[in-house]
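Colleague: This is a predicted model, with the sequence first.
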Amino acid sequence: MAILILLAMLLVTVGGSLLTLRWLVGARRPPGMPVVAVAIACWGAAYAILLANASISSTERTLALGDTYRLCGAYLDCHLGVAVRDVRRARVLGTPARQATAGGWFWVVTVQVNSDARRATLALVEPELTVVDARGRAYRRSAAGERALAGDSVLPPLSQPVDAGAAFTSRVVFDLPADVSRPRLLVRQGSRQERAAELVLIGHDHSLGHAHTYLAMDAERLVRR
């Protein structure tokens, strides 16, 4: 499917460039304009080929528990990183007054956000954390589980500012099936415009058809309640 998407993108790029060339020639533009159009067409085709090659040749990675995944946005600023520090499982979270029961198991993931910037205070923009299992099924965070876990307090948002060279931890909760196999954490961040730009950045982890980098979620302790 990824290859088909990339081939379609290549055809659209080349086709659009050729149509531009035809328009320029048909409109009887100055003599130098067809050359410019050909250059644009060649550049577009070359870029699409490089993008396709980088995506097709990419390989999926899963970082070990505790390893940091650097989030390089559309501006290729890789100062912010995310790591999974701890994973616990529980059937029930919260106190009797504010309790939530999982449909399968609650997976409570302790996430660290860190910055290796030298001066600037940075923050994740609209962070999105998703668990993907061995069958490719995706699971979003459990709002009920996180409310029960927080109780009367509030879990630190992953989008809070991080001082240069500093880090903070927070916890996120997922309600995963009891028979889930090899769950891994996929992290994304950025505005809609930034994510759209990432789709066509050569070699970017979230470009079209590129293999993803995941964070392992090895359940170290099983908490029964």
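Modeller: Yep, it's here. Numbers count the residues shown, from 1 in each chain.
Colleague: So Gly44: helix, strand or coil?
Modeller: Per DSSP: H, G, I helix; E, B strand; the rest coil, the local secondary structure of Gly44 is helix.
Colleague: if I look at it, how far off is Phe174?
Modeller: Gly44 sits 41 Å away from Phe174, taking C-beta to C-beta, to the nearest Å as the criterion. All C-beta atoms are positioned from the backbone trio N, CA, C, and that covers glycine.
Colleague: what does Arg85 give?
Modeller: The gap separating Arg85 from Phe174 is 16 Å, by C-beta to C-beta.
Colleague: Neighbour count for those two, which is higher?
Modeller: Shown here are Arg85 and Phe174; by other C-beta atoms under 10 Å, Phe174 has more neighbours (25 against 13).
Colleague: before we move on, which element is that one in?
Modeller: Element membership for Phe174 (DSSP states H and E) is strand 167-176.
Colleague: Can you tell me which residue is spatially central in the protein?
Modeller: Nearest to the mean C-alpha position of the chain, by C-alpha atoms, centre = their mean, lies Arg188 at 2.7 Å.
Colleague: Any idea what that residue is bridged to?
Modeller: Counting by DSSP bridges, Arg188 is bridged to Glu128.
Colleague: need the contact list for it.
Modeller: Neighbour list for Arg188: Pro127, Glu128, Thr130, Arg195, His206 [criterion: C-beta atoms under 8 Å, 6 or more residues apart in numbering].
Colleague: Model confidence score at it, please.
Modeller: At Arg188 the predicted local confidence, pLDDT, stands at 90.
Colleague: Same question for His206.
Modeller: For His206, pLDDT reads 71.
Colleague: For stretch 167-183, measure first residue to last.
Modeller: With C-alpha to C-alpha, to the nearest Å as the measure, stretch 167-183 spans 25 Å from end to end.
Colleague: Which positions within that stretch qualify as buried?
Modeller: Neighbour counts over stretch 167-183 (16 or more other C-beta atoms under 10 Å) mark Phe168, Arg171, Val172, Val173, Phe174, Asp175, Leu176, Val180, Pro183 as buried.
Colleague: Off-centre distance for it?
Modeller: 16 Å (C-alpha atoms, centre = their mean, to the nearest Å).
Colleague: Contacts for that stretch, please.
Modeller: Contacts to stretch 167-183, defined as C-beta under 8 Å, 6+ apart, come from residues 85, 93, 102-115, 129, 131-135, 139-142, 144-146, 149, 155-158, 160, 162, 217.
Colleague: can you give me the mean pLDDT across it?
Modeller: The average pLDDT for stretch 167-183 rounds to 95.
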